[in-house]
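>>> Sequence and predicted structure, then a few things I'm wondering about:
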Amino acid sequence: MGSSSLSEDYRLCLERELRRGRAGVCGDPSLRAVLWHILVEDFDLHGALQDDALALLTDGLWGRADLAPALRGLARAFELLELAAVHLYLLPWRKEFTTIKTFSGGYVHVLKGTLSEDLLIQSFQKMGYVRRDAHRLMVAALPPARQLVQVALGCFALRLECEILGEVLAQLGTSVLPAEELLQARRSSVDVASCVAWLQQRLAREEEQPPLPCRGSPTGCQARLDLYRDVQEDEGSDEASLYGGPSPGPDSPASELACRPRFWEQSARLWGAGGGPWEPAEASSPTSGASEEEEPQPEAFSFLSLRRELLSRPGDLAPPHTPRSPEQASPPPVPEPPGYQMHTCLAPGALPALCCDTCRQLHAAHCAALPSCHPGHSLRTLRGNSQRRLWLQRAQVDALLYDSPAAGP
């Protein structure tokens, strides 16, 4: 069954429920079973649905110590996104659905507490929303109905993907493992059993897992939340809804949501895999009489200081190589530059969204070359503009070091 057939079945399900007086996310058990079966056998269906599954799942699970509550939080976030798209498709004349307040309860607690701001904005842009100011997203032009159905179907598939991953963890017997290993196993498997077997072998080789930095303590969010009203209004209501009054949408299951901590509490593996939590460089301790409360301040980042640091440590950027004979005057030419490169999908000065450590290239979020990356490639999502700017600057430094004849130290 192709994506077009699934989209048509999904549309019929929504309209059938609307005739019954219910305007909400898809709850058809037969369509759910069919889509579950296809997704389990073929993860690449997400690519046909254009739901940005890999970027969203990596973003939502990155840095989580326990993946089970993180998956439940992601499922609820995808349900809320699906509901927003369904509202615009079924009830486009309702003016309250054309404006989303970014300080509303649903946006703050469910969406922003689970996914990064950049990916949330991209998801809402598919529904026709644009940012009007720091507090509002508004529909500039309503997209075609077919596009809204496609977006809602993609969010439905992402909800099911969270449940599939949850089933994998349940059969594995643990939910404390790196998110990248879970996603790599999922992409390389054709069913839940083979995914579990792959992870069991991997965990058997690694008796002790390194501690993962926690992105925050789970907090309960039992009341239904609202994308269109203020946080204060939601907190004062026992059952806040997506409407001003009772919502025709379904009751969302309660889930544990992990709040995003401060940036410096997250693992900042900005320059590659295997890094620990980021800490500012410790200054040399004074001789005596120094106050223990004083903390060294990290130096402000600059492109020149980064270039000097990379030039002073050229070995950190070079790939592993065999020792050379001292008689060799100059190393042989390398077929590929060892530094990271900007893929052609990125315009000059554009910030990258994804990094492939295998190809050593930086990509845009919707790069057409991403499907060509083998499932075994190490593909990471760059979180936030700060990290993306650092990667952009690194690629520029690499270009100076390896492409320019005058860039040698």
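All right, it came through fine.
>>> rest of the way, CA atoms for contacts and neighbours
Will do.
>>> give me the element His46 is part of.
Per DSSP states H and E, His46 falls inside helix 45-49.
>>> can you check Glu17 too?
helix 3-19.
>>> C-terminal to the helix holding His46, what's the next element?
Downstream of helix 45-49 (by DSSP H and E), the next one is helix 53-61.
>>> any idea of the mean pLDDT for the helix or strand encompassing Arg388?
Assigned by DSSP H and E, Arg388 belongs to helix 384-402. Taken as a whole, helix 384-402 has a mean pLDDT of 78.
>>> do stretch 113-122 as well
93.
>>> Quick check: buried residues in that stretch?
Gly113, Thr114, Leu115, Ser116, Glu117, Leu119, Leu120 (16 or more other Cα atoms under 10 Å).
>>> Output those in JSON lines; the columns should cover distance to Leu45 and secondary structure.
Shown next, in JSON lines, are the buried residues of stretch 113-122 (distance: Cα to Cα, whole Å; DSSP: H, G, I helix; E, B strand; the rest coil):
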{"residue": "Gly113", "distance to Leu45": "27", "secondary structure": "coil"}
{"residue": "Thr114", "distance to Leu45": "23", "secondary structure": "coil"}
{"residue": "Leu115", "distance to Leu45": "22", "secondary structure": "coil"}
{"residue": "Ser116", "distance to Leu45": "24", "secondary structure": "coil"}
{"residue": "Glu117", "distance to Leu45": "25", "secondary structure": "helix"}
{"residue": "Leu119", "distance to Leu45": "20", "secondary structure": "helix"}
{"residue": "Leu120", "distance to Leu45": "21", "secondary structure": "helix"}
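>>> Now do the strands in this structure.
Per DSSP state E, the chain carries strands over the ranges 99-101, 129-133, 136-139, 218-220, 256-258, 341-342, 354-356, 361-363, 379-381.
>>> quick one, the lengthiest helix in the chain and helix 3-19 angle?
Longest helix of the chain, by residue count under DSSP state H: helix 145-172. If you take axes from the mean of the first three to the mean of the last three Cα atoms, to 10 degrees, helix 145-172 sits at 100 degrees to helix 3-19.
>>> now Val139, nearest residue through space, not along the chain?
In space, and not counting its chain neighbours, Val139 is closest to Tyr129: 4.2 Å by Cα to Cα, 6 or more residues apart in numbering.
>>> so how far is Gln201 from the one you found?
Using Cα to Cα, to the nearest Å, Tyr129 is found at 45 Å from Gln201.
>>> So which of those two has more stuff around it?
Tyr129 (22 against 10; other Cα atoms under 10 Å).
>>> OK, contacts around the more buried one?
Neighbouring residues of Tyr129 by Cα atoms under 8 Å, 6 or more residues apart in numbering: Thr98, Leu137, Met138, Val139, Ala140, Ala141.
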